[in-house]
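Q: here is my input; please provide its structure:
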Amino acid sequence: MLADSLKNIFAVADLRKRVLFTLGLLAVYRVGGHITTPGVNHDALALLADQAKNTMFGLYDMFSGKNLSQMTIFALGIMPYISASIILQLLTVVWPFLERLSKEGELGRRKITQYTRYGTIILSIVQSLGIAIYLEHQTNIAGGLPLVYHTGWGFRLMTVLTLSTGTTFIMWLGEQITERGIGNGMSLIIYAGIVVNFPHAVLTTIEQLRTGQMGLFRLLLLIVLMVLVVAAIVFVERGHRRVTVQYAKRVVGRRMYGGSSTHIPLKVNTGGVIPVIFASSILGFPLTMQGMSPEGSFLRRAIDQIAYGMPLYNLLYLTGIIFFCYFYTAIIFNPDDVAENMRKYGGFIPGIRPGKRTAEYIDTILTRITLVGALYLACVALLPEFLISGFKVAPIPFIGEKLDTLLPQFITQGMNVQFYFGGTSLLIIVGVAMDTVQQVESQLIMRHYDGFMKKTRIRGRRGQ
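A: As a prediction, this is how the structure comes out:
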């Protein structure tokens, strides 16, 4: 079945070009990940990255495909673009000028996209400057190794120019993939950055098993947990609520139309992985200012309270996921438009009056299932952190001594691979993969349908 699907992909010329174009640009992205930023001591940086791999730094390093820990030209990744998109979408709700642009169709969308690009460049400049200052302040890493060879504005300007240019190029790659390739370009870039480290994580786990750092039972338990989480993600991502819609019969000329029954599929998780990425990018932006703020200042203490793993960070992360689930769903799905289109074509929900009542009914259902989807996203993203924090704080009550010591060791060793196999990374991998496969299937179905119509027309003409 898989071989037939791959054969169908490469049998259609246009789809084959799109797939190869996407893979080619992702390969260019990976090549750029080996070009390093000048003036940085990469040996000291590797030690710093190893010390901070289980912090917010490790999460952002995962999103950037290890570019941040190696300080390549793509160190900022796609996060400045995502942050700029969030800011523009929030301003669209409160700023009448942007609200009018959003309703002007294709022309308005292009202008908003252009403003998003400008915002991306501004945010990348600010974040790259913050990274440069932060690296300059880290003077004693691993026995006095300096992170920066020559401090000063020369290094800062070079870092700003290098990282900002890299982010702009990634933004261009993502837009080209979305327009001329398959899938969402920005999501695929994040997906590629995570998946590229998958073989290394597998080899590390095998090495731990060979040296005795991880037992076979723990490895099997880890695999079972990952399979269960993947199954849960697939189950929820494919889940939807069907709203029955009936169409009344209409007589147009000598023909009768309508009289059919269909349904509107409302997905449980309408926003996909976007709310998680949005919430992560928003919480990560204040950490950029950490290097610019002096030690002991109020701003520095406030930023330290929202560091990765802190209770305030988890609370804000949970709130951000729920907020962006509702916010993104409201942007991409408008119940008023759906109800109006149903009324125009004679459709109605049984027992619900067409028009405003239908819109309210759909909005009520969407609000309820969005809450379920938001809580599901929050659990998948935060459950590994809660388990790790819980096992580190105190032993588990009412559990035997052997199991009580086994579970913390298992979870601690699982920390080495959690950024690849668990939580946010697994959610992004499965979600983006399912979305891309769905788009490929849609392209295949569309091509097969067009081919069938062409054959039908040819036969009809011959019959005449």
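Q: buried residues in stretch 109-117?
A: Buried residues in stretch 109-117, counting neighbours by 16 or more other C-beta atoms under 10 Å, are found at Ile112, Tyr115, Thr116, Arg117. No exception for glycine: its C-beta is placed from N, CA and C like everyone else's.
Q: same question for stretch 303-314.
A: Quick answer for stretch 303-314 (16+ other C-beta under 10 Å): Ile303, Ile306, Ala307, Tyr308, Tyr313, Asn314.
Q: same deal with stretch 81-99?
A: Buried-residue list, stretch 81-99, by 16+ other C-beta under 10 Å: Tyr81, Ile82, Ser83, Ala84, Ser85, Ile86, Ile87, Leu88, Gln89, Thr92, Leu98.
Q: same check on stretch 320-334?
A: For stretch 320-334, the neighbour count (16+ other C-beta under 10 Å) marks Gly320, Ile321, Ile322, Phe324, Cys325, Tyr326, Phe327, Tyr328, Thr329, Ala330, Phe333 as buried.
Q: please tell me how far the first one sits from Pro311.
A: Noted for Gly320: a distance of 15 Å to Pro311, by C-beta to C-beta, to the nearest Å.
Q: now do the second one
A: Distance, Ile321 to Pro311, using C-beta to C-beta: 16 Å.
Q: and the buried residues of stretch 303-314, which of them are in helices?
A: If you go by DSSP state H, those have Ile303, Tyr313, Asn314 in helices.
Q: distance to Ile194 added to those residues, as a markdown table?
A: Shown next, in a markdown table, are these (distance: C-beta to C-beta, whole Å):
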| residue | distance to Ile194 |
| --- | --- |
| Ile303 | 26 |
| Tyr313 | 21 |
| Asn314 | 21 |
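Q: CSV please, covering those and showing pLDDT and distance to Ser69.
A: What follows is those, written out as CSV (pLDDT from 0 to 100; distance: C-beta to C-beta, whole Å):
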residue, pLDDT, distance to Ser69
Ile303, 72, 21
Tyr313, 81, 20
Asn314, 82, 24
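Q: out of the residues you listed, which is nearest to Ile177?
A: Tyr313 (31.6 Å; C-beta to C-beta).
Q: quick one: residues contacting that closest one.
A: Met56, Leu283, Gln305, Ile306, Ala307 (C-beta atoms under 8 Å, 6 or more residues apart in numbering).
Q: pLDDT score for the second one?
A: Read it as Leu283. Looking at Leu283, its pLDDT is 78.
Q: can I get the helix or strand harbouring it as PDB, trimmed to CA atoms?
A: Following DSSP states H and E, one finds Leu283 within helix 274-288. C-alpha atoms of helix 274-288 as PDB (Å, rounded to 0.1, in the frame of the first residue of the first chain):
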ATOM      1  CA  ILE A 274       0.300  26.100  15.900                       C
ATOM      2  CA  PRO A 275      -0.900  27.000  19.500                       C
ATOM      3  CA  VAL A 276       2.000  25.100  21.000                       C
ATOM      4  CA  ILE A 277       4.500  26.800  18.700                       C
ATOM      5  CA  PHE A 278       2.900  30.200  19.300                       C
ATOM      6  CA  ALA A 279       3.000  29.800  23.100                       C
ATOM      7  CA  SER A 280       6.600  28.600  23.100                       C
ATOM      8  CA  SER A 281       7.700  31.500  20.900                       C
ATOM      9  CA  ILE A 282       6.000  34.100  23.100                       C
ATOM     10  CA  LEU A 283       7.500  32.700  26.300                       C
ATOM     11  CA  GLY A 284      10.900  32.500  24.700                       C
ATOM     12  CA  PHE A 285      11.100  36.100  23.700                       C
ATOM     13  CA  PRO A 286      11.600  37.500  27.200                       C
ATOM     14  CA  LEU A 287      14.600  35.200  27.600                       C
ATOM     15  CA  THR A 288      16.300  37.200  24.800                       C
END
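Q: what number of residues lie near the residue lying closest to Thr358 once chain neighbours are set aside?
A: Once flanking residues are discounted, Thr358 sits nearest to Ala339: 4.1 Å by C-beta to C-beta, 6 or more residues apart in numbering. The criterion is other C-beta atoms under 10 Å. On that basis, Ala339 has 24 neighbouring residues.
Q: please determine how far Ala339 is located from Tyr118.
A: 36 Å.
Q: just to revisit the earlier point, closest one of the buried residues of stretch 81-99 to Asn197?
A: Taking those together and measuring to Asn197 by C-beta to C-beta, the closest member is Ile82, at 19.9 Å.
Q: got a list of what the closest one touches?
A: Per C-beta under 8 Å, 6+ apart, neighbours of Ile82: Met186, Ile277, Phe278, Ser281.
Q: can you put those residues in a markdown table and add neighbour count and distance to Ala374?
A: As requested, these are arranged in a markdown table below (neighbours: other C-beta atoms under 10 Å; distance: C-beta to C-beta, whole Å):
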| residue | neighbour count | distance to Ala374 |
| --- | --- | --- |
| Met186 | 22 | 21 |
| Ile277 | 25 | 14 |
| Phe278 | 23 | 12 |
| Ser281 | 23 | 17 |
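Q: which ones are touching Lys111?
A: Leu101.
Q: do the same with the one 4 residues further on
A: Counting by C-beta under 8 Å, 6+ apart, Tyr115 touches Leu88, Leu98.
Q: so for it, what's the pLDDT?
A: With respect to pLDDT, Tyr115 scores 91.
Q: again with Trp172
A: 92.
Q: now the helix or strand harbouring it: buried residues?
A: Assigned by DSSP H and E, Trp172 falls within helix 153-180. Residues 155-156, 158-160, 162-164, 166-168, 170-171, 173-174, 177-178 are the ones in helix 153-180 that count as buried (16+ other C-beta under 10 Å).
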